[in-house]
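Peer 1: Generate coordinates for the sequence data below:
(4 chains)
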Protein chains: 4
Amino acid sequence: MDKIKVTVWSEGLPESEIYAVRSYPDDINAAIAGFLTNDASLEVKLSHLSADECGLSQNILDETDVLVMWSHMYHDKVSDEAADRVVRAVLQRGMGLVLLHSALFGKIGVALLGRCGAGGKYRECGERSRVWVVNRAHPICDGLEDDWFDIEREEMYGEPFGIPTPDDLIFISWFQGGEALRSGAVWNRGAGRIFYFQPGHEEFPIYHENKGVQQVITNAVKWLKPARGPIPVSRGEVDALEHMPDALWPERLERAKGKINKRPQPGEFSL
Amino acid sequence: MDKIKVTVWSEGLPESEIYAVRSYPDDINAAIAGFLTNDASLEVKLSHLSADECGLSQNILDETDVLVMWSHMYHDKVSDEAADRVVRAVLQRGMGLVLLHSALFGKIGVALLGRCGAGGKYRECGERSRVWVVNRAHPICDGLEDDWFDIEREEMYGEPFGIPTPDDLIFISWFQGGEALRSGAVWNRGAGRIFYFQPGHEEFPIYHENKGVQQVITNAVKWLKPARGPIPVSRGEVDALEHMPDALWPERLERAKGKINKRPQPGEFSL
Amino acid sequence: MDKIKVTVWSEGLPESEIYAVRSYPDDINAAIAGFLTNDASLEVKLSHLSADECGLSQNILDETDVLVMWSHMYHDKVSDEAADRVVRAVLQRGMGLVLLHSALFGKIGVALLGRCGAGGKYRECGERSRVWVVNRAHPICDGLEDDWFDIEREEMYGEPFGIPTPDDLIFISWFQGGEALRSGAVWNRGAGRIFYFQPGHEEFPIYHENKGVQQVITNAVKWLKPARGPIPVSRGEVDALEHMPDALWPERLERAKGKINKRPQPGEFSL
Amino acid sequence: MDKIKVTVWSEGLPESEIYAVRSYPDDINAAIAGFLTNDASLEVKLSHLSADECGLSQNILDETDVLVMWSHMYHDKVSDEAADRVVRAVLQRGMGLVLLHSALFGKIGVALLGRCGAGGKYRECGERSRVWVVNRAHPICDGLEDDWFDIEREEMYGEPFGIPTPDDLIFISWFQGGEALRSGAVWNRGAGRIFYFQPGHEEFPIYHENKGVQQVITNAVKWLKPARGPIPVSRGEVDALEHMPDALWPERLERAKGKINKRPQPGEFSL
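Peer 2: Residues are numbered from 1 along each chain as shown, chains lettered A, B, ... in the order given. Okay, the predicted model is just below:
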């Protein structure tokens, strides 16, 4: 079976040293790739915001089945063009997308899920979080031994979280300071699927050390392999599939003839 | 009980005569208001795109519990500022929103529901459509006598429709030419709720004449009356609700003290 | 406007003294009715398991718009006939149903939601629970001042909870001992709607004292007022709505003629 | 990779000749197995109602990853014990379940999805049905060339269908006689997943001939391979995960100690 091509992207800016050095001197993308490469079915590459075209060029995306994105501080530095390329890859081609921590709040998350995608409560004192499995039938839970796993030091995000209603809710999290959160959720959008997962504040070595978080992200990447569903065969006016002798305007029915089989060409946006 | 304040908005441009004269010489907003005013619990006003501030000024929105929007041809003429005001009214204050026909594809629909909100199949030959009730437990179906109602002449919209998964699917439609569509759907977003309803191509006098369509829109307006749920009490850093003697960084816990009760001020965007 | 007829039902058995005396010497139904009667739009009656026909006779149900049920220990004492009457009232007539605490696990909950409706983790040490608002657009949150409210002493229920995916998730709860739970959820079933709400262990005076719990249950009862959607006009074979000259078996098409308008008669089960 | 073990079950009774001879002289299970065996990742066995223990013995189920069921006329002949075994295999062990045509209306469908699972409109004149893709991101749509496929002769099922709200809606169908239907849907229940698919009336050779139907069922079987999520580690009273010096009843907290790690034993029903 062909390997799943995964690109792991994070901010990786020089100025991000301010925080990254604490737990991720080699940036967060490397830490995530570190455990993903343990799975033989995955072929993993790195990318980051300070690369050309924000590290999200069309060439890179065309070679990506699943894109894993971590961002927290520099949402605005992703160009509109780069965000647009990612959105199209998801909607049109079914590229899988993992949005980690506050990546949901960036341009790409808002474009795909709508503006309510922005929450906003946080606390960074380094408290305990506990991730509870809500839907154990989901392949994203594969191999988890228990109903829950702990994250000893985490940033708190709380409800009301402001995300659109998930198409599938997989995890909810308990926080030591008294909050609860829908922390793992899935949405279908166009030809693609999106998984949001809250854990991973940059000041704690969560991606390096937490086995539960590593398992979930690995599972998610495998589950997000693009489906090969139908490409919508037409946009715009389409021919009728049934005979309609009593249509009000036969000339328009005639006009639509043969407009069934037009498929979007490469570069055309079908949505 | 106080009346529900409804504003019905449509394009109403001089150049829209091209199509509007056929069935709606007095514009579509007037036709919709015509049947809404039969319900004594509603107080109905009109607005339109060619008015000041696109007919969506802050004053108008502040006096609106539920906004009914019809648009088809001039999505781009709604200014970014006007669209932003509507989005905030829905997310922050819970203003109800009815999006009719292709209003879903405009700036406001995309901002609230995400870019996958754009579908695109159509056929305008004047064929029969039949609206089937899927969820008869929903108040939007109140008073419908049968499981379905017919629209003798309608534009076809078809699947795959590209809308985000509805929070509640109320209607699906059958089209004479062979298509089917999720034609009536509800989404919760922030403090607000949104209802999309497909019927109402401008070349057919559907809003003037179709009792089923009139009943559904009337029901929707009443159902969309804003709930008075909690206003999120804080955005940004928040105080802990539980005692945490073992937090990693007590100074940050201290820093968050008292940050629980800040509510967004008028004009602040809480989402 | 007509009042909403509410029946509040609880176990109320003599042997239930074992637990009820602690916090509810007059049984739980009376405590719930106590705060519901403060709302002028509600007409509240009591019923209980030790009455005739398990307190769920057809006469009682026929006079009930919304049934509120609390049970914990005597699920099996509800007769199959009584459970069946409640299920039919929900599915056929749209009677609203509030299932409190472990009422979800009884015959009625299982019949309406399926066998996965049974969860099972608990702890009764009297710990703190905190109910968080997830969907503040929902009328069940009307009038809540904050995003959350506390219950000082509660029984813990935890995830994975085993409920079917909610049609709408309204609340999630945080527990002091480390668990989290989807604690307030809504399902549409047939003509009716169901609200499950976890709070209310019988050893703590929650329904007597907790303003948040009282507000939510009051809101739920009002929101669950039956919609007056269409009664399915037929079960069994039905006439075609379109002309089909090319049907394979014209004689069966003929046989179905006129079978469109049969509505279920009183006593017939349409589902 | 290990093959997925599939059992295809149908009614297969002598008396079913009445209908089966028309299109399926070798019974329907054989026809379905016929195309499933073309997929090298599947290991396919047959079973049927007239075999010992209704063809659903514990031995058979223990060797089944995904069970495909077709039934229409003899729902009541499935014993309560056999139905219970299937329900447990889904909820506890995550066995995938495909319910075809009216299999949804049998004991197993009702037990898993609730009594509202019963619809009821039909017409058997041999009309055209067209299956439309609603969610093309779903692996169940893999390899479908177009947005839709036709079934030339089919029995009509119509809305309101009475199924519980799907966790994911994949297909809706158009019928020539004027109806529309949610015809392909998915539910998560306990550890398992269920796919319902409407096509396949016994009088038409749909499973023998229709490439779209064959593709969808093959995809569904592969997608329903059981996830290996956590087995709930306890039912009943459970230990606290957090220290609670202020619990009301420390003796009960003490009583719960060590009750975290009990897993259900073989034969125990955890739900």
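
Peer 1: which helices and strands does the strand ranked longest in chain A pack with?
Peer 2: In chain A, assigned by DSSP state E, the strand with the most residues is strand A:121-133. Counting contacts by 3 or more CB pairs under 8 Å, 6 or more residues apart in numbering or on different chains; DSSP states H and E, strand A:121-133 is packed against strand A:148-157, strand A:168-175, helix A:211-223, strand B:236-237, helix B:250-255. The way it works is simple: take the backbone N, C-alpha and C, and place the C-beta from them, glycine included.

Peer 1: To chain C, which of these lies closest?
Peer 2: Of all those, it is strand A:168-175 that lies closest to chain C, at 4.3 Å by CB to the nearest CB.

Peer 1: List the pairing partners of the helix or strand following the closest one within its sheet, with orientation.
Peer 2: Downstream of strand A:168-175, the first helix or strand assigned by DSSP states H and E is strand A:180-189. Looking at strand A:180-189 with DSSP bridges, its partner strands are strand A:168-175 (antiparallel), strand A:192-197 (antiparallel).

Peer 1: From D:Arg88, how far out is the residue nearest to A:Trp132 when sequence neighbours are not counted?
Peer 2: Spatial nearest neighbour of A:Trp132, chain neighbours left out: C:Glu159 (4.4 Å); criterion: CB to CB, 6 or more residues apart in numbering or on different chains. C:Glu159 is 21 Å from D:Arg88, where distance means CB to CB, to the nearest Å.

Peer 1: between the two, which one's more packed in?
Peer 2: C:Glu159 (25 against 22; other CB atoms under 10 Å in any protein chain shown).

Peer 1: Hmm, the more buried one is touching A:Val134, no?
Peer 2: Yes: assessed by CB atoms under 8 Å, C:Glu159 is found in contact with A:Val134 at 5.5 Å.

Peer 1: what about the closest residue to A:Gly184 other than its chain neighbours, how many neighbours?
Peer 2: Spatial nearest neighbour of A:Gly184, excluding adjacent residues (CB to CB, 6+ apart): A:Phe171 at 3.2 Å. If you count neighbours by other CB under 10 Å, A:Phe171 ends up with 28.

Peer 1: Find the least confident helix or strand in chain A, judged by mean pLDDT.
Peer 2: Every helix and strand of chain A was ranked by mean pLDDT, DSSP states H and E. The lowest is helix A:17-23, at a mean of 63.

Peer 1: For the stretch 151-271 of chain A, list the residues in contact with chain C, please.
Peer 2: Applying CB under 8 Å from any CB of the partner chain, we find that the stretch 151-271 of chain A lies next to chain C at A:158-161, A:165, A:168-169, A:172-175, A:178-180, A:182.

Peer 1: Now do the shared contacts for C:Glu159 and A:Val134.
Peer 2: A:Ile172, C:Arg182 (CB atoms under 8 Å, 6 or more residues apart in numbering or on different chains).

Peer 1: Would you mind listing what in the stretch 151-271 of chain A touches chain D?
Peer 2: Contact residues, the stretch 151-271 of chain A versus chain D (CB under 8 Å from any CB): A:167-168, A:176, A:188-193, A:227-230, A:232-233, A:241-242.

Peer 1: Do a quick rundown of the strands in the stretch 1-150 of chain A.
Peer 2: Assigned by DSSP state E, counting those that start in this stretch, the stretch 1-150 of chain A shows strands spanning A:4-10, A:42-48, A:66-71, A:96-101, A:121-133, A:148-157.

Peer 1: So for the third one, mean pLDDT?
Peer 2: Looking back up the chat, that one is strand A:66-71. Strand A:66-71 shows a mean pLDDT of 96.

Peer 1: so what strands line up beside that strand?
Peer 2: Partners of strand A:66-71 in its sheet, by DSSP bridges: strand A:4-10 (parallel), strand A:96-101 (parallel).

Peer 1: Please tabulate the ones you listed in CSV and include mean pLDDT as additional columns.
Peer 2: Output for the strands paired with strand A:66-71, formatted as CSV (pLDDT from 0 to 100):
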stretch, mean pLDDT
strand A:4-10, 97
strand A:96-101, 97
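
Peer 1: Columns mean neighbour count on top of these, output as JSON lines?
Peer 2: Converted to JSON lines, the strands paired with strand A:66-71 look like this (neighbours: other CB atoms under 10 Å in any protein chain shown):
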{"stretch": "strand A:4-10", "mean neighbour count": "25"}
{"stretch": "strand A:96-101", "mean neighbour count": "26"}
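
Peer 1: want to throw those into TSV with distance to D:Ala82?
Peer 2: Below are the strands paired with strand A:66-71 laid out as TSV (distance: least, CB to CB, whole Å):
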stretch	distance to D:Ala82
strand A:4-10	40
strand A:96-101	39
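
Peer 1: The ones you listed: which one's closest to A:His201?
Peer 2: With CB to CB, the closest approach to A:His201 among the strands paired with strand A:66-71 belongs to strand A:96-101: 6.6 Å.

Peer 1: what sits up against that closest one?
Peer 2: A:32, A:65-72, A:86, A:90, A:108-109, A:112, A:192-202, A:217, A:220-221, A:223-226.

Peer 1: hang on, isn't A:Val216 packed against A:Gln198?
Peer 2: No: using CB under 8 Å, A:Val216 is not in contact with A:Gln198, being 10.7 Å away.

Peer 1: where do the contact lists of these two overlap?
Peer 2: In contact with both A:Val216 and A:Gln198: A:Gly184, using CB under 8 Å, 6+ apart.

Peer 1: and the stretch 1-150 of chain A, which residues reach chain C?
Peer 2: A:Arg130, A:Trp132, A:Val133, A:Val134, A:Asn135, A:Arg136, A:Asp147, A:Trp148.

Peer 1: Now that the second one has come up, it's in contact with C:Ile172, right?
Peer 2: If I follow you right, that is A:Trp132. No: with contacts counted by CB under 8 Å, A:Trp132 stays clear of C:Ile172, the gap being 9.8 Å.

Peer 1: Between these two, point out the one with more neighbours.
Peer 2: C:Ile172 (30 against 26).

Peer 1: what's near enough to touch the nearest residue to the more buried one once chain neighbours are set aside?
Peer 2: Leaving aside its chain neighbours, C:Ile172 sits nearest to A:Ala180 (4.9 Å; criterion: CB to CB, 6+ apart). Applying CB under 8 Å, 6+ apart to A:Ala180 gives the contacts A:Gly158, A:Glu159, A:Ile172, A:Ser173, A:Trp174, C:Arg130, C:Trp132, C:Ile172, C:Ser173, C:Trp174, C:Ala180.

Peer 1: Okay, now the unreliable bits of the stretch 101-250 of chain A?
Peer 2: A:117-119, A:232-234 (pLDDT under 70).

Peer 1: let's see it at 80
Peer 2: Residues of the stretch 101-250 of chain A meeting the criterion pLDDT under 80: A:116-120, A:231-235.
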